[in-house]
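Q: Turn this into a model:
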Amino acid sequence: MAEASQRLFLLDGMALVYRAHFALIRSPIYTSARFNTSALYGFTTTLLDLLEKQNPTHLAVVFDTPEPTPRHLLYPAYKGTRDEMPEDLSLQLPHVKRLIEAFDIPVIECPGWEADDVIGTLAKRAEAAGDFLTYMVTPDKDFAQLVTDSTLIYKPGRQGNTAEILDKAKICELWEVKDPLQTIDVLGLWGDASDNIPGVPGIGEKTAKKLIAEFGSLEEILAQTDRLKGKQKDAFETNREQALLSKQLVTILTDAPVTTTFDQIRISPRHDEALRSLFVEFEFNSLGKRLFGDSFQAGRGHTTSESESGSRVAQLKTIADFEKHYRSIRADDAAGRAALIAELKARESWCFDLETTSLDEKTTSVIGVAFCWQAEHGTYVEVPPGEKGRAVLGEFRELFADPRLEKIGHNLKFDTGVLLWQGIPVSPPLFDTMLAHSLVEPEQRHKMDYLAESLLGYTPISYDSVFGVKTVEKTGQLNLFGEAEMSGSCPAPEGGPALEAIAQYAAEDADVTWQLSGILRKQVRDSGQERVLLEIECPLVPVLVAMEKEGIRVDPAALAETGELLAGRLADHEKAVYEAAGTPFNLNSPKQVGEILFERLHLDDKAKKTKTGQYKTDEQTLSALATEHKIVRDMLAYREAAKLKGTYVDALPESIFPGTGRIHTTFHQLLTATGRLASNHPNLQNIPIRSEQGREIRRAFVPRSEDFVILSADYSQIELRVMASLCADPAMIGAFQAGEDIHTATAARVFGVPLDGVTSAMRRTAKMVNFGIIYGISAFGLSQRLNGELSRGGAQEVIDEYFRQYPGVKRFQEETIVRAQREGYVETLTGRRRYLRDINSKNGMIRSAAERTAINTPIQGTAADMIKIAMVRVAKLLDEGGYRTRMLLQVHDELVFDLHREEKDELVRKIEEAMKSALPLSVPVVVESGTGSNWLEAH
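A: Just a heads-up that it's a prediction; the model follows:
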């Protein structure tokens with residue numbers, strides 16, 4: 001059949017659309033109008049892959065219809081447990097069909113019949129016709145039963161991986177059967193939770209395959225139940241009719257009344273103008289270039305005009321459409337640089353952009369700096385390598401340090417970081433277009449090229465067109481020459497671009513950023529976030545840059561000692577688990593862990609499974625069992641020790657920079673939706689503090705020398721204090737003002753006992769409620785967090801009593817949700833916004849999640865603003881006072897310092913005061929500080 005001249009592709013439309021949507025669920029794609037296009041993008045990508053790589057002669061997309069099918073008539077509960085389609089996805093469906101129509105691909109729908117049956121019918125007809133090789137394009141496992149010599153499954157790849165073709169041999173191997181038709185029997189036994197097909201109780205995928213391999217069919221099993229034993233025998237004899245019904249339900253029908261002929265689904269030319277218009281509408285730049293070439297630009301929010309056919313087409317400008325005034329100053333032109341510096345000093349603000357040899361601030365070299373202070377103008381300064389380059393940059397030191405001049409840039413933390421490593425600090429005021437856009441459009445991309453298209457209707461010069469090689473997309477700099485060596489006069493590398501080409505490219509970047517700054521200033525101002533940008537985020541840039549450069553010293557010997565300790569604990573926990581299990585197994589295999597706990601030891605007869613049929617063994621599942629089962633406690637302890645050893649003990653020494661002997665993490669200002677700082681390379685935000693094992697890691701973080709100690713200054717219960725201030729509840733405010741322990745005070749109120757009558761269990765429950773309320777905790781969630789110490793009913797009573805005691809908290813939550821539903825966003829005390837697309841969703845589950853976010857964000861976001869303001873103030877305090885103490889890290893609500901011993905008495909108090917006064921609240925703000933010879937001792 002490999003010689004068939006016709007290649008028929010039948011697409012399972014809804015399955016592919018769902019798959020595309022959920023493949024991007026963690027990082028969805030939105031247009032500038034905030035319309036989710038994840039499913040559209042993924043589905044279109046699949047279509048293009050098929051058309052470009054598979055050479056189909058016939059192709060159709062098949063969709064389900066809303067009418068009841070034969071399966072619904074047979075079993076009314078069929079698909080009765082399915083969740084409602086996500087709202088974001090349902091809004092895309094009409095547009096999916098518009099795209100299919102623009103490709104001139106037929107859509108087949110047969111009222112009262114599922115897409116599976118329509119595809120099955122067409123596949124059988126193609127097989128009977130005798131000259132077709134048919135591909136069923138679907139991720140659905142049910143189609144395995146239809147695979148023959150001439151009918152195959154085409155399973156699209158995930159995340160850029162190649163597609164998989166499943167033929168008879170592959171199906172038989174995967175399903176452990178002799179004939180693909182036997183997969184019907186396997187599915188009948190196994191059932192399908194997503195379609196509410198019951199199957200046979202107690203029979204999972206593994207057992208179903210084993211039984212069909214032994215008996216050949218469901219009917220043979222039912223005829224020979226005497227060969228079965230125990231519960232399995234009872235299950236089949238008791239559920240005989242259910243088993244046969246399940247098999248009937250999973251059988252794909254091949255006699256649907258499909259009227260479409262093969263001639264009607266023959267490939268025909270696409271409608272390019274319609275496709276071009278849709279790609280512009282949905283902002284599919286990369287797909288547009290793939291289909292129409294590099295000249296295609298969809299842009300974002302730019303002007304469009306009508307073509308002769310009436311379609312929308314992109315009208316983006318390029319450098320060729322303007323008279324640009326870009327110039328370059330060569331490395332040997334000292335007079336030119338002096339004149340430029342004089343010009344820049346006369347301006348109130350200007351934009352700059354570095355061109356570097358790599359993206360590592362610590363080791364990169366600067367090859368040029370571009371400046372702009374007027375639209376369509378730009379000056380590029382060539383910087384030679386080595387000491388000559390340092391001298392050239394040094395000429396600009398005074399300019400960059402001038403506090404009267406505003407410096408504008410895109411991702412200034414990179415540029416100012418590079419300059420600081422070159423010995424040139426950049427002083428505020430700063431204006432960062434990337435930060436500005438992150439505030440007003442947090443869900444969009446923030447790359448400069450994207451913003452140029454979105455806001456200016458302009459396509460910048462591409463890196464490829466200048467340098468002739470591809471680079472990865474990023475928000476900041478481009479790796480222009482890798483580690484290429486350059487001559488003293490700093491021309492491009494041998495065979496590379498000339499100075500003028502680089503100058504034009506770099507000057508344009510500065511020009512574009514300058515123009516973006518004007519637009520983004522207004523957008524930030526209109527959104528009410530001017531204070532957030534200009535008083536918090538931009539002033540924080542040089543603070544973070546200085547912290548990154550400072551780094552923190554780590555003692556490899558202390559890490560090695562901790563590693564030995566953890567290795568011993570790993571061995572102890574492993575031994576304990578194996579003894580309790582009665583057999584060794586792979587503790588790092590979720591599958592084997594599940595089988596040991598739930599099949600061998602029967603710890604939970606109602607253990608839940610994942611969609612793939614494996615038992616759930618995540619931390620939440622195991623924690624619920626840990627109280628009653630030592631083996632589970634040992635497993636959790638093993639996991640924690642293994643994670644600590646792999647993530648920190650073994651990895652941290654590799655992060656030590658040889659040039660300083662310290663670890664230099666990278667901070668991210670707006671990576672989180674609430675504004676909290678994040679860090680990576682390495683991530684120092686997630687070093688555990690609650691467990692003894694986790695705390696040991698902090699012992700390895702030490703001061704730079706014997707003249708210093710580590711200082712830890714930590715906000716105490718800051719989110720609860722913020723909540724009290726926001727909700728203005730008199731009782732909660734009173735407890736904080738009286739200096740009472742808030743958890744004890746809450747327990748006394750909720751349980752109706754005096755303060756000295758609060759037990760540790762009561763306080764623990766109150767603590768869970770206090771922090772849980774911030775995140776909109778439910779009775780079920782509270783019961784789970786307390787490991788079942790309270791029933792769901794008991795937990796609900798505690799929550800209800802909490803709101804009776806603190807009515808202001810309940811009122812704040814209700815008013816916040818109503819305001820969010822009206823405005824579409826919530827704000828922190830400083831005005832930072834978080835947009836909530838789903839706050840008015842018709843889907844109750846999605847809406848509830850958005851409501852919880854609405855409650856949490858003003859609290860957590862205000863706490864994040866508070867510590868950022870504190871960091872700016874503390875940095876100013878240290879700088880203006882000429883102190884030798886340095887700020888090193890920010891971790892959640894804690895600041896970590898290298899504190900000079902001689903400055904301890906004076907400075908600790910000043911740092912605490914700066915933190916306390918960062919953002920006035922209606923309750924006292926408490927900062928707890930400590931010092932020590934390492935981070936653990938200090939904290």
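
Q: pLDDT below threshold where in the stretch 701-850 of the chain?
A: Filtered on pLDDT under 70, the stretch 701-850 of the chain yields the residue ranges 788.

Q: all strands for it, in order.
A: 701-702, 708-715, 825-827, 833-835 (DSSP state E, counting those that start in this stretch).

Q: what helices or strands is the last one leaning on?
A: Other helices and strands packing on strand 833-835, by 3 or more C-beta pairs under 8 Å, 6 or more residues apart in numbering; DSSP states H and E, are strand 825-827, helix 844-880. From N, CA and C alone the C-beta is placed, and that goes for glycine too.

Q: same deal with the third one?
A: Counting contacts by 3+ C-beta pairs under 8 Å, 6+ apart, strand 825-827 packs against helix 807-823, strand 833-835, helix 844-880.

Q: one more time with 7 Å
A: For strand 825-827, the packing partners by 3 or more C-beta pairs under 7 Å, 6 or more residues apart in numbering; DSSP states H and E come out as strand 833-835, helix 844-880.

Q: ditto for the longest one
A: Packed against strand 708-715 by the contact rule (3+ C-beta pairs under 7 Å, 6+ apart) you find strand 894-900, helix 904-916, strand 927-932, helix 935-938.

Q: redo that, cut-off 8 Å
A: So strand 708-715, by 3+ C-beta pairs under 8 Å, 6+ apart, packs with helix 844-880, strand 894-900, helix 904-916, strand 927-932, helix 935-938.

Q: Quick one: the helices in the stretch 301-450 of the chain, in order.
A: Counting by DSSP state H, counting those that start in this stretch, the segments of the stretch 301-450 of the chain that form helices are 334-345, 386-394, 397-401, 412-421, 433-440, 448-451.

Q: how about those, which one is nearest Ile869?
A: Proximity to Ile869 (C-beta to C-beta) singles out helix 433-440 among the helices of the stretch 301-450 of the chain, at 15.4 Å.

Q: where in the stretch 101-250 of the chain is pLDDT low?
A: Across the stretch 101-250 of the chain, the ranges flagged by pLDDT under 70 are 159-160.

Q: hmm, 80 instead?
A: The model of the stretch 101-250 of the chain has pLDDT under 80 over residues 158-161.

Q: Which parts of it are helices?
A: Counting by DSSP H, counting those that start in this stretch, the helices of the stretch 101-250 of the chain are 115-129, 168-175, 183-190, 205-215, 218-223, 230-238, 240-250.

Q: for the stretch 601-750 of the chain, same thing?
A: Secondary structure of the stretch 601-750 of the chain (DSSP H, counting those that start in this stretch): helices located at 619-626, 630-644, 692-698, 718-727, 730-737, 742-751.

Q: Turn the ones you listed into TSV, columns for distance to Arg792 and mean neighbour count.
A: Below are these laid out as TSV (distance: least, C-beta to C-beta, whole Å; neighbours: other C-beta atoms under 10 Å):
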stretch	distance to Arg792	mean neighbour count
helix 619-626	13	16
helix 630-644	22	19
helix 692-698	30	18
helix 718-727	24	24
helix 730-737	25	18
helix 742-751	17	22
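
Q: Just send these back as JSON lines, with distance to Lys178 too.
A: Formatted as JSON lines, the helices of the stretch 601-750 of the chain follow (distance: least, C-beta to C-beta, whole Å):
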{"stretch": "helix 619-626", "distance to Lys178": "37"}
{"stretch": "helix 630-644", "distance to Lys178": "39"}
{"stretch": "helix 692-698", "distance to Lys178": "51"}
{"stretch": "helix 718-727", "distance to Lys178": "61"}
{"stretch": "helix 730-737", "distance to Lys178": "69"}
{"stretch": "helix 742-751", "distance to Lys178": "64"}
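
Q: Out of those, which is closest to Arg290?
A: Of these, nearest to Arg290 by C-beta to C-beta is helix 630-644, at 40.5 Å.

Q: centre of the chain versus the closest one, how much separation?
A: From the chain centre to the centre of helix 630-644 is a distance of 27 Å (C-alpha atoms, centre = their mean, to the nearest Å).

Q: Also stretch 926-939?
A: Relative to its chain's centre, stretch 926-939 lies at 32 Å (C-alpha atoms, centre = their mean).

Q: quick one, what contacts Ala163?
A: Applying C-beta atoms under 8 Å, 6 or more residues apart in numbering to Ala163 gives the contacts 49, 154-157.

Q: what separates it from Pro180, distance-wise?
A: 19 Å (C-beta to C-beta, to the nearest Å).

Q: Repeat that for Asp192.
A: 17 Å.

Q: if we can go back for a sec, quick one: which of the helices and strands packed on strand 833-835 is nearest Pro94?
A: Here helix 844-880 is closest among those (C-beta to C-beta), at 19.9 Å.

Q: how far does the closest one sit from the chain's center?
A: Centroid displacement of helix 844-880 relative to its chain, using C-alpha atoms, centre = their mean, is 19 Å.

Q: tilt between that helix and strand 708-715?
A: Helix 844-880 and strand 708-715 are oriented at 140 degrees to each other (axes from the mean of the first three to the mean of the last three C-alpha atoms, to 10 degrees).

Q: so what strands line up beside whichever helix or strand comes after helix 844-880?
A: With elements assigned by DSSP states H and E, the helix or strand that comes after helix 844-880 is strand 886-891. Using DSSP bridges, strand 886-891 pairs in its sheet with strand 894-900 (antiparallel).

Q: re earlier: just say which of the helices and strands packed on strand 708-715 is most tucked in.
A: Comparing the helices and strands packed on strand 708-715 by mean neighbour count (mean count of other C-beta atoms under 10 Å), strand 894-900 ranks first with a mean of 23.

Q: CA atoms only: put that strand into PDB for me.
A: Presented in PDB, the C-alpha positions along strand 894-900 are these (Å, rounded to 0.1, in the frame of the first residue of the first chain):
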ATOM      1  CA  GLU A 894      14.100  39.300  53.800                       C
ATOM      2  CA  LEU A 895      17.200  41.400  53.000                       C
ATOM      3  CA  VAL A 896      20.600  39.900  53.400                       C
ATOM      4  CA  PHE A 897      23.800  42.000  53.900                       C
ATOM      5  CA  ASP A 898      27.500  41.800  54.300                       C
ATOM      6  CA  LEU A 899      27.600  43.900  57.400                       C
ATOM      7  CA  HIS A 900      31.000  45.400  58.500                       C
END
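
Q: mean confidence for that strand?
A: Mean pLDDT, strand 894-900: 98.

Q: what's next to it, contact-wise?
A: Applying C-beta under 8 Å, 6+ apart, the contact partners of strand 894-900 are 550, 552, 701, 703-704, 707-715, 867, 870-871, 874, 883-890, 907-908, 911, 915, 931, 935, 938-939.

Q: now swap in stretch 919-926 and tell me
A: 715-718, 721-722, 724-725, 728, 733, 736-737, 739, 829-830, 862, 865-866, 869, 915-917.

Q: please redo it, this time with the cut-off set to 6 Å
A: The contact list for stretch 919-926 (C-beta atoms under 6 Å, 6 or more residues apart in numbering) reads 716, 721, 724-725, 733, 736, 866, 869, 916.

Q: do the same with stretch 669-677
A: Everything outside stretch 669-677 that qualifies as a contact, by C-beta under 6 Å, 6+ apart, is 438, 537, 667, 678, 832, 834, 857, 860-861, 864, 890.

Q: one step back: between Asp192 and Pro180, who's got more neighbours?
A: Shown here are Asp192 and Pro180; by other C-beta atoms under 10 Å, Pro180 has more neighbours (23 against 17).

Q: There's contact between the more buried one and Glu173 in this structure, I believe.
A: No - using C-beta atoms under 6 Å, Pro180 is not in contact with Glu173, being 11.0 Å away.

Q: mind checking pLDDT for Glu308?
A: For Glu308, the predicted pLDDT is 30.

Q: One more: Val472?
A: At Val472, the pLDDT value in this model is 37.

Q: go on, Pro497?
A: Listed pLDDT for Pro497 reads 62.

Q: any chance of the helices and strands packed on strand 708-715 in JSON lines, plus distance to Asp167?
A: Converted to JSON lines, these look like this (distance: least, C-beta to C-beta, whole Å):
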{"stretch": "helix 844-880", "distance to Asp167": "40"}
{"stretch": "strand 894-900", "distance to Asp167": "58"}
{"stretch": "helix 904-916", "distance to Asp167": "66"}
{"stretch": "strand 927-932", "distance to Asp167": "65"}
{"stretch": "helix 935-938", "distance to Asp167": "58"}
